[in-house]
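>>> Sequence first, predicted coordinates after that:
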Amino acid sequence: MHFAFGMVSVLIDLVVVVRAILLKDREPVARAAWVLLIIVLPGIGAVMYLFFGEPWVSRRFRRQSDGIYKDLLKCASSVARSDCVDALDGPFRNAFKTCEGISQWQTAPGNVARVAQDSDTAITMIVDDINQAQRTVHLSFYIWLTDNNGLRVVDAVCAAARRGVHCRVVTDAIGSRNFIRSKHWAAMRDAGASLCASLKVPFGLAFLTGHRVDLRNHRKIVVIDGQITYCGSQNCADPAFLVKKKYAPWVDIMIRYQGPIVWQAEVIFASDWSVETGEDLRDLIRQTDPKPIGGGFDAITTGTGPLSSKGAMSEIFVSAISAARHSIVVSTPYFAPDTTLLTALVGAGRRGVAVRMIFPHRNDSRAVGSISRAYYPELAEAGVQIFEYQGGLLHAKTLVADDEVGLVGSANMDRRSLDLNFENNVLFSSADLCRDVSAHQQRWLEASIEIKRDLITRRSVIREFGDNLLTMVAPLF
């Protein structure tokens, strides 16, 4: 009996190994990591692969999402595309072209922006805009807490809904699970707001028409009256972030935009909303018509996720990094890059670009923090300067290249953001906005310690073995 059970277990492991090797569009290092896990943890490794080994989305879910997105694009074609321009000339042209190919719309001119001074200021700005809303309030956050900032937004939504503004609120079913169960969620619904717990975990046969259980909606989107949008790293919470207060304060960045890219953010939100709720928002998109603002800059909003082409988010990072000629400053809390992204960063350092990367000194994910440090030697040997922020958990995801092009949004440089999470980011060409984002980056650098190259590259055999092992298993995280 035990022999027969053992043979069946071995057979299952073998089938899963073959599946992991045959899966299309997977990096060799990812294949090796999963095969190694299945061999080291027989039975358990196979079960883990079945749940977490592939960014699985059912055909039905994928077809529905694709159909809704295309319908929304058609509705907006005469409104939003007429004022758009061909991608910028110059070294960053391919970066904007990459975003255009993924989003299926063009770079938009005539945008203006304001960077919030800090997280509390960002919430104040959002609340002020909600209080002035006349038609619609659309909010999407991965995490929403019932703390001071979280409840300020709840109160503003309730007040807006009561005065007849159509409020639609999306929060991730896992990231905001406690909030969804709270009286404050019910209070928004009772006030007249429409609510959606995004990407609920499918159980039983629902799994066949749903998605992998840990695919998450990591987006941070605010759209007010189709005329104002916010994009950045901040969740709807205080910097104290009470659910993980030992790492506080959480340091984020949020940017308020006006101009044609507001329509792009509205389409991303509407697509998510319609897939989850079934509500038809085509008429809303037809009415969304933010005009270019004189003296504004060119920008493009891009939503990525498991429904995008393979490696879409990585391609955006890589295209911006590869175009840089003089300098790159990056902040990211979670760093577990794919081979293409790591190669782009290393290549930039080797060709003489001044690359500075800022990571948090203390990371709320011990595994990803360790994986991040395992990549330090390869980065340092290429000339990349590495800094660790000491003032809390630096959660902002920013990239500024050559002081003229920036990328700010929700995506980290880790496998979850690159392959699994639904993300939203804005790529912009503006020396003024780059200067404002760089001012934040400079403050973070001043609160950081530089990890010296000689300390990074001098490793014992044991440390080198450990680092190499961590980079091998990085695709699992």
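Received the coordinates, thanks. Numbering: from 1, shown residues only.

>>> now residue 61: how far from residue 305?
12 Å (C-beta to C-beta, to the nearest Å). Bear in mind the C-beta positions are built from the backbone N, C-alpha and C, glycine included.

>>> now do residue 93
25 Å.

>>> ok, residue 243 touching residue 144?
No. Residue 243 is beyond contact range of residue 144, at 11.0 Å (criterion: C-beta atoms under 8 Å).

>>> returning to that earlier point: residue 61 and residue 305: which has the busier surroundings?
Between residue 61 and residue 305, residue 305 has the larger neighbour count (other C-beta atoms under 10 Å), namely 24 against 18.

>>> Look at residue 434 and report its pLDDT.
We have a pLDDT of 98 for residue 434.

>>> ugh, typo on my part, it should be residue 4
52.

>>> Over to residue 82?
Residue 82 carries a pLDDT score of 50 in this model.

>>> cool, residue 200 as well?
Confidence for residue 200, expressed as pLDDT, is 86.

>>> For it, list the residues it contacts.
residue 173 (C-beta atoms under 8 Å, 6 or more residues apart in numbering).

>>> Between residue 243 and residue 144, which has more neighbouring residues?
residue 144 (28 against 12).

>>> List the residues that contact the nearest residue to residue 382 once chain neighbours are set aside.
Of all residues not flanking residue 382 in the chain, residue 349 sits nearest, at 3.6 Å (C-beta to C-beta, 6 or more residues apart in numbering). Shown in contact with residue 349 (C-beta under 8 Å, 6+ apart): 355, 379, 382, 383, 384.

>>> if you set the cut-off to 7 Å instead, what comes out?
355, 382, 383, 384 (C-beta atoms under 7 Å, 6 or more residues apart in numbering).

>>> So the first one sits against residue 346, correct?
No. The pair formed by residue 355 and residue 346 falls short of the contact definition of C-beta atoms under 7 Å, at 9.1 Å.

>>> And the two? Which one has more around it.
Taking neighbours as other C-beta under 10 Å, residue 355 and residue 346 compare with residue 355 leading, 25 against 20.

>>> Using PDB, write down the CA coordinates of the host helix or strand of the more buried one.
Per DSSP states H and E, residue 355 falls inside strand 354-360. C-alpha atoms of strand 354-360 as PDB (Å, rounded to 0.1, in the frame of the first residue of the first chain):
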ATOM      1  CA  ALA A 354      25.400  57.000 -12.900                       C
ATOM      2  CA  VAL A 355      22.900  54.500 -11.400                       C
ATOM      3  CA  ARG A 356      21.700  55.000  -7.800                       C
ATOM      4  CA  MET A 357      19.300  52.500  -6.300                       C
ATOM      5  CA  ILE A 358      17.500  53.200  -3.000                       C
ATOM      6  CA  PHE A 359      16.100  50.200  -1.000                       C
ATOM      7  CA  PRO A 360      14.600  50.200   2.600                       C
END
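
>>> other SSEs contacting it?
Using 3 or more C-beta pairs under 7 Å, 6 or more residues apart in numbering; DSSP states H and E, the elements in contact with strand 354-360 are strand 327-331, helix 339-350, strand 385-389, strand 393-394, helix 431-446.

>>> most neighbours per residue, which of those?
strand 393-394 (a mean of 26; mean count of other C-beta atoms under 10 Å).

>>> list the helices and strands the helix or strand that that one is followed by packs on?
Counting by DSSP H and E, the next helix or strand C-terminal to strand 393-394 is strand 398-401. Contacting strand 398-401 under the criterion 3+ C-beta pairs under 7 Å, 6+ apart are the following elements: helix 312-323, strand 327-331, strand 405-409, helix 431-446.

>>> want to try a markdown table for these, with distance to residue 27 as columns?
Formatted as a markdown table, the helices and strands packed on strand 398-401 follow (distance: least, C-beta to C-beta, whole Å):
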| stretch | distance to residue 27 |
| --- | --- |
| helix 312-323 | 10 |
| strand 327-331 | 21 |
| strand 405-409 | 22 |
| helix 431-446 | 30 |
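
>>> Nearest to residue 41, out of those?
helix 312-323 (28.0 Å; C-beta to C-beta).

>>> and the closest one, how far from the chain's centre?
On the basis of C-alpha atoms, centre = their mean, to the nearest Å, helix 312-323 sits 14 Å off its chain's mean C-alpha point.

>>> Against which helices or strands is that helix packed?
Counting by 3+ C-beta pairs under 7 Å, 6+ apart, helix 312-323 packs on helix 93-103, strand 297-304, helix 339-350, strand 398-401, strand 405-409, strand 423-429.

>>> hmm, 10 Å instead?
helix 93-103, strand 297-304, strand 327-331, helix 339-350, strand 398-401, strand 405-409, strand 423-429 (3 or more C-beta pairs under 10 Å, 6 or more residues apart in numbering; DSSP states H and E).

>>> At the geometric centre of the protein, which residue sits there?
residue 411 (2.5 Å; C-alpha atoms, centre = their mean).

>>> quick one: contacts for that residue?
Shown in contact with residue 411 (C-beta atoms under 10 Å, 6 or more residues apart in numbering): 218-219, 233, 302, 304-305, 313-314, 316-317, 332, 334, 397, 399, 417-418, 421-425.

>>> do residue 122 as well
115-116, 149, 222, 230, 232-234, 236, 252-256.

>>> 6 Å instead, please
Contacts for residue 122 (C-beta atoms under 6 Å, 6 or more residues apart in numbering) come out as 116, 234, 254.

>>> what angle sits between the helix or strand that residue 229 is a member of and strand 297-304?
Using DSSP H and E, residue 229 falls within strand 228-232. In terms of direction (axes from the mean of the first three to the mean of the last three C-alpha atoms, to 10 degrees), strand 228-232 departs from strand 297-304 by 60 degrees.

>>> May I have the strands that pair with strand 228-232, each with its orientation?
Partners of strand 228-232 in the sheet, by DSSP bridges, are strand 221-224 (antiparallel), strand 254-258 (antiparallel).

>>> contacts for the first one?
By C-beta under 6 Å, 6+ apart, the surrounding residues in contact with strand 221-224 are 126, 129, 133, 137-140, 229-230, 265-266, 269, 424.

>>> Pick out the most distant pair among those residues.
Among the contacts of strand 221-224, 133 and 424 lie farthest apart (C-beta to C-beta), at 20.3 Å.

>>> which one of the two has more residues nearby?
residue 424 (26 against 22).
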